[in-house]
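Trainee: Whatever this is, show me its structure:
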Amino acid sequence: KYLSQHIRKELLMPKHAVIPKLLKYVSTSGVFIVFGFLLLEYQEDLYSIGDISVFQFFSISLLILIGLTLNGSKLNRIVTNFGLRMETKEWLGLSSMTTALNNIFFKAGSIATSNYLKKKYNFPYSSFAGTFLGDQFVILFIAAFIGGIVSLYLGLTKYQELLLVFLGLAFAITLLFFLMRGGIKLPQGKNRVFDLLKNSTYSFNTILKDKNLLYSLGIHNTFLIITIGFRLYATCSILH
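Mentor: As a prediction, the model looks like this:
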């Protein structure tokens, strides 16, 4: 009975609504097909996971939980700045969903999170895009800064070729520093597209001009990068 009602509903649906649904089914199927192909292609490499020790299992699990908590706390800090109030289980759940879906399909988790915030809190997609971009600038700046220090140390002690990497990162740090100080300014205009861009740039500039928020994101992202580094080390040790 449910199936017949569902089919009748699909048949009565306007053509312009059927096409997006079809694209959603095709894209979802494509994700699972690609995932299955990757499992078959690299199945021999996955056998080494069977040798994982109890210590390695709990270490990688702890690092993943720390990463989820940091991402969730960071999301909560950002939306709080825009007047939203989320419960702990909410931002932790969104962080877990974002990480899981992003690992299946590029930025699928971020899109799902923005959709959740839009439906429950009426937080505009454009504002989410602006905050996401601002956070990415902070991540890039910190990653370039840490990478610059490490590449300079290794370049002076062991691997001289890494000095070129340091110069590249130093240029990136300088560029990001001036971009983050100035923000984005748009000319005057009135239309739907311009309004969306205006909301995005407002959210972007809000992050970069709020020193307390910027420092908070800096601390969160610094610990995130360190956690990711330990996760990479732990994963490599598990895979020998």
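Trainee: Which helix or which strand is home to Asn103?
Mentor: Using DSSP states H and E, Asn103 maps to helix 88-104.
Trainee: Show me which residues of whichever helix or strand comes after that helix are buried.
Mentor: Next helix or strand after helix 88-104 toward the C-terminus (DSSP H and E): helix 108-121. Using 16 or more other Cβ atoms under 10 Å as the test for burial, helix 108-121 gives Ala108, Gly109, Ile111, Ala112, Thr113, Ser114, Tyr116, Leu117. From N, CA and C alone the C-beta is placed, and that goes for glycine too.
Trainee: Grab the nearest non-local neighbour of the first one.
Mentor: If the residues on either side of it in the chain are set aside, Ala108 comes closest to Leu101, at 4.1 Å by Cβ to Cβ, 6 or more residues apart in numbering.
Trainee: picking that back up, how much does the helix holding Asn103 deviate in direction from helix 108-121?
Mentor: Orientation check (axes from the mean of the first three to the mean of the last three Cα atoms, to 10 degrees): helix 88-104 against helix 108-121 gives 150 degrees.
Trainee: What lies in contact with helix 88-104?
Mentor: With Cβ atoms under 8 Å, 6 or more residues apart in numbering as the test, helix 88-104 has contacts from 31, 35, 67-69, 71-73, 75-76, 86, 108-110, 112-113, 116.
Trainee: follow-up on the earlier one: switch the buried residues of helix 108-121 over to CSV; also include pLDDT and distance to Gln160.
Mentor: Below are these laid out as CSV (pLDDT from 0 to 100; distance: Cβ to Cβ, whole Å):
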residue, pLDDT, distance to Gln160
Ala108, 81, 42
Gly109, 86, 40
Ile111, 88, 43
Ala112, 89, 45
Thr113, 92, 43
Ser114, 91, 45
Tyr116, 92, 49
Leu117, 93, 48
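Trainee: Closest one of the residues you listed to Thr80?
Mentor: Relative to Thr80, the closest of the buried residues of helix 108-121 is Leu117; by Cβ to Cβ it sits at 12.3 Å.
Trainee: so what's the closest one up against?
Mentor: Leu117 makes contacts with Val79, Leu84, Phe123, Phe128, as judged by Cβ under 8 Å, 6+ apart.
Trainee: now it: how far from Leu62?
Mentor: Here Leu117 is placed at a distance of 28 Å from Leu62 (Cβ to Cβ, to the nearest Å).
Trainee: do Gly134 as well
Mentor: When Gly134 is compared with Leu62 (using Cβ to Cβ), they lie 29 Å apart.
Trainee: from the contacts of Leu117, which ones fall inside helices?
Mentor: Counting by DSSP state H, the part of the contacts of Leu117 found in helices is Val79, Phe128.
Trainee: out of the contacts of Leu117, who's nearest Leu40?
Mentor: Distance to Leu40 across these (Cβ to Cβ) is lowest for Phe128, with 36.1 Å.
Trainee: if I look at the closest one, how far off is Ser114?
Mentor: 4 Å.
Trainee: re earlier: Gly134 and Leu62: who's more crowded?
Mentor: Gly134 (27 against 14; other Cβ atoms under 10 Å).
Trainee: quick one, phi/psi of that one?
Mentor: Main-chain torsions, Gly134, degrees, to the nearest 10: phi -60, psi -40.
Trainee: Number the residues from 477 up from this point.
Mentor: Taking 477 as the first residue, the last one we looked at is Gly610.
Trainee: looking at it, it is touching Leu684, isn't it?
Mentor: Yes. The pair Gly610 / Leu684 is scored as a contact, 5.8 Å apart, by Cβ atoms under 8 Å.
Trainee: average pLDDT for stretch 527-541?
Mentor: For stretch 527-541, mean pLDDT rounds to 91.
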